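Participant: missing the sequence, but the structure's below:
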């Protein structure tokens, strides 16, 4: 079997080909005076030009002119002009091979170069191996060889020689990596590695596949299954420190390859590669299984309390009719008592006559029952039905070692006690148990009656463990996600060095006192200004009623004429199949080139297979049925493209290509400059396996489901998407899209609805130097905060809340700066920080400090919201674009009734990423053709002002065929540089 080349021919040309760019020619192909004098020593013009070209190529690229090499005309003209000869004489030079060789020797002697000898080639091999230690990609390996040869003043050998050295280096690096992982393993461990690829009759699959098939439905059985897999991996006794002997980039590549490698394909690998792939997966699975088990435990504990509260609420609802009847009886009793008091009659006689004494006595038991059932602690209801969760939690305690930053942490003592009780088979608690980890209210419930109830104690302790795991206050050995916040941030020495160099690049200064003084002055002035304007009626569309500021409902922002313009344009948009649309957008942007092969880095071989794989996920059709509904592509081709080319990072790069094209298109500036954005979550019902892992959010009804959280620019581009649980807070993720995308968008202002806003988010935006502008529901219920007492602003006293805690901000300022730099440098995802801070107790100084910064920024924002109708309109317009995007997304994601049926979060992430790419492609295609339609209409004499056109959204799909047979044959492919014909609208039918 022929070996795969290091680089394809076009990549070698990009590295070693003669340039055409003007700036490169000026910088590297301008001849010096000494070189010109030397060149003019040749008499024949073609020899002068040939020698000049040799000089330039050797000095810039480190190589000589090749035999019969075709050079770019622009480069030849640039050099010929300097020596005052005609470019055409180069043809004569090409006929004299002896002259070319002599001039090459002359040029290399003049420039101090020499042909690459065996020592140079050995140095190139060494550099190539070092580069290949980090990656299998041919580009960095080739660049490393070229760099070391140029450094040694050696002329580059032929491309075939470089390619052969690079391939040898890559093979050596792979063998070194395999040896680093496998050396030291005994025969028994090697045999266990190989046995993982054999089908185990007990489970009906290979153990390799079983280990990587993680149950995600929240249940006690799933938690036990995760722990069972973790124990299996631990029993194999692979040293996780072996990964430290491998370059981090190479390790991640090996892990990514293993993640997508099915058992049957791993069995086809050579022995070293197969064993190294499996060993890397086992080491990586330790952390993955640990995180999955802890996440499952947290979900189970949360579900216990959620169901307990739901049962309590149902009891209240069920008792509502009885409560209403008894309240009516109580009302009648009060009236009877009032009547007796007014008339002077005997009270009991009046009661007996009006109500009936026997009725009152009969209601006594019901009243006492309702009075005794007032809001029981959710812990009681959770403990009632906790047997299964407690059994699985006992296994969790046996499987993991928990750590805490606190010395003598009572929670760890309590966990140790529970572990001992399980090991000893004891059913009851000892006389003395650690309770320092429990709040006073919970402690009273647990210890009610003098003794401790073990079920209550266990469930209460597990609830505390869940909260502290989520905050990072307690962590577990071997995990990655459940680590203290400090472990996720930039290392302290690196942060201090950046701070000392004033290289923080944040929205807040290093000096906390200067920032606080400025904010105190600004806040005091603007609160007084708000009060004055409210008093004199100078707040547009805001009125003061009984001391409360009320914002009037917004007026329509879309002119009526815009609807007519929309249909005028839409009627002329070309009708197009979604398959052709995707191909058109790829021809404009080259997004398919971003979907490189996981191992080789090469582009996909079959573009139709790539397109079909993307559309299969985007439409929720799935790869198998996409193959059945397609022409020009097979199921095997789609599966291969999805397996090795569709990844999170390739989707991000592909979307960035499309978004950048949208940003660069002149027509897109009608909608905005690409500096503002909005984000919103869209709920999709779950069914089948997807329903088992999904959550129920009562806001969306009683069906389980998930959300796709999408970021949309002011130009309508969908530049980022995240799948998330239906019950997860959107606020924690708002910043992720702004720091996770790879496009050239520079977002300065961001809009969300109420669900995406809290004080931590306000504070984070301020720290990062971005503007946060949420549309807050029930605005009057959000408090304003000031440094001064409420008495300083009497007119606003009904709006003023707690004073700003400046001391907390001062105390945690450095850590706030460190968080900001960590997010700004992409060392940590913003959601990781915000979720951990939200889970910390309100007394935590860091959480409180960021919340106080957020309160200051939110107060300033609310003042502006009351004062500036333009801000309200801008925010509303941004969110309207998100709502339009949700409609388009729903239209594309239409198969299976738009229900999520994937059982794993990873599969949902693939669907979300593909959906985002296809929607972005539709928007770019619509932008291009809306521009052409508008030009056509204006040429026909239509008056189309931009004030109306900005309301014609590119998030339209009426002209796009999303269903039917998907033809990937490329029959409708357009020649480069051409466009599809616009539609000619049919005349309206006139009735006789």
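Facilitator: Looks like it came in fine. Being a predicted model, the structure only gives us computed values, none of them experimental. Numbers count the residues shown, from 1 in each chain.
Participant: Surely residue 744 touches residue 663?
Facilitator: Yes: between residue 744 and residue 663 there is a contact under C-beta atoms under 8 Å: 6.0 Å. In this view, the C-beta of every residue, glycine as well, is placed from N, C-alpha and C.
Participant: who's more crowded, those two?
Facilitator: residue 663 (21 against 11; other C-beta atoms under 10 Å).
Participant: tell me the contacts of that one?
Facilitator: When contacts are counted by C-beta atoms under 8 Å, 6 or more residues apart in numbering, residue 663 touches 674, 713, 715, 717, 743-745.
Participant: Go through these and say which is closest to residue 563.
Facilitator: Residue 563 lies nearest to residue 715 out of the contacts of residue 663, by C-beta to C-beta, at 21.3 Å.
Participant: Helix, strand, or coil at the closest one?
Facilitator: Here residue 715 is coil, with the state taken from DSSP: H, G, I helix; E, B strand; the rest coil.
Participant: Identify the residue spatially nearest to it, adjacent ones excluded.
Facilitator: Leaving aside its sequence neighbours, residue 715 sits nearest to residue 668 (C-beta to C-beta, 6 or more residues apart in numbering; 4.4 Å).
Participant: Residue 461 in helix, strand or coil?
Facilitator: Here residue 461 is helix, with the state taken from three-state DSSP.
Participant: show me what contacts it?
Facilitator: By C-beta under 8 Å, 6+ apart, the neighbours of residue 461 are 411, 414-415, 418, 437-438.
Participant: mind checking how far it is from residue 674?
Facilitator: From residue 461 across to residue 674, the span is 51 Å (C-beta to C-beta, to the nearest Å).
Participant: Check residue 180 too.
Facilitator: Residue 180 is 46 Å from residue 674, by C-beta to C-beta.
Participant: Check residue 482 too.
Facilitator: Taken as C-beta to C-beta, the span from residue 482 to residue 674 is 37 Å.
Participant: what are the phi and psi values for the residue nearest to residue 715?
Facilitator: Phi and psi for residue 668, reported as degrees, to the nearest 10, are phi -60, psi -20.
Participant: how many other residues sit next to it?
Facilitator: 25.
Participant: what does residue 547 give?
Facilitator: 12.
Participant: got it, and residue 525?
Facilitator: 11.
Participant: Check the one 5 residues further on too.
Facilitator: As a burial measure, the neighbour count of residue 530 was computed by other C-beta under 10 Å and equals 25.
Participant: any idea of the pLDDT on the residue nearest the centre of the chain?
Facilitator: The centroid of the chain falls nearest to residue 722 when counting by C-alpha atoms, centre = their mean (5.1 Å). We have a pLDDT of 95 for residue 722.
Participant: quick one: it and residue 740, what's the gap?
Facilitator: 8 Å.
Participant: Likewise for residue 591?
Facilitator: Applying C-beta to C-beta to residue 591 and residue 740 gives a distance of 18 Å.
Participant: More neighbours: these two, which one.
Facilitator: Set residue 591 next to residue 740 and count neighbours by other C-beta under 10 Å: residue 591 wins out with 28 against 19.
Participant: pLDDT wise, what is that one at?
Facilitator: 97.
Participant: same for the host helix or strand of residue 535, what does it pack against?
Facilitator: Assigned by DSSP states H and E, residue 535 belongs to helix 512-536. For helix 512-536, the packing partners by 3 or more C-beta pairs under 8 Å, 6 or more residues apart in numbering; DSSP states H and E come out as strand 542-545, helix 806-824, helix 845-867.
Participant: so of the ones you listed, which one's packed in deepest?
Facilitator: helix 845-867 (a mean of 22; mean count of other C-beta atoms under 10 Å).
Participant: Now residue 750: phi and psi?
Facilitator: phi -130, psi 140.
Participant: Residue 475 too?
Facilitator: phi -140, psi 170.
Participant: Hmm, residue 402 and it touching each other?
Facilitator: Yes: the pair residue 475 / residue 402 is scored as a contact, 7.3 Å apart, by C-beta under 8 Å.
Participant: Could you tell me which residues touch both of these two?
Facilitator: By C-beta under 8 Å, 6+ apart, no residue touches both residue 475 and residue 402.
Participant: Determine the longest helix present in this protein.
Facilitator: Longest helix in the chain by number of residues (criterion: DSSP state H): helix 271-318.
Participant: Just the angle for the helix or strand following that helix relative to helix 271-318, thanks.
Facilitator: Downstream of helix 271-318, the next assigned helix or strand under DSSP H and E is helix 320-343. If you take axes from the mean of the first three to the mean of the last three C-alpha atoms, to 10 degrees, helix 320-343 sits at 30 degrees to helix 271-318.
Participant: domain assignment for this structure?
Facilitator: Per automatic domain parsing, the structural domains of the chain span 9-180, 198-302, 320-372, 378-481, 560-655+905-967.
Participant: Can you lay out the ones you listed as TSV showing distance to residue 973?
Facilitator: Output for the domains of the chain, formatted as TSV (distance: least, C-beta to C-beta, whole Å):
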stretch	distance to residue 973
domain 9-180	21
domain 198-302	30
domain 320-372	66
domain 378-481	46
domain 560-655+905-967	6
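Participant: just so I know, which of the ones you listed lies nearest residue 757?
Facilitator: Nearest of these (C-beta to C-beta): domain 378-481, 20.6 Å.
Participant: least reliable of the domains of the chain going by mean pLDDT?
Facilitator: Taking the mean pLDDT of the domains of the chain, domain 320-372 comes last: a mean of 82.
Participant: Any idea how far it is from the middle of the chain?
Facilitator: 62 Å (C-alpha atoms, centre = their mean, to the nearest Å).
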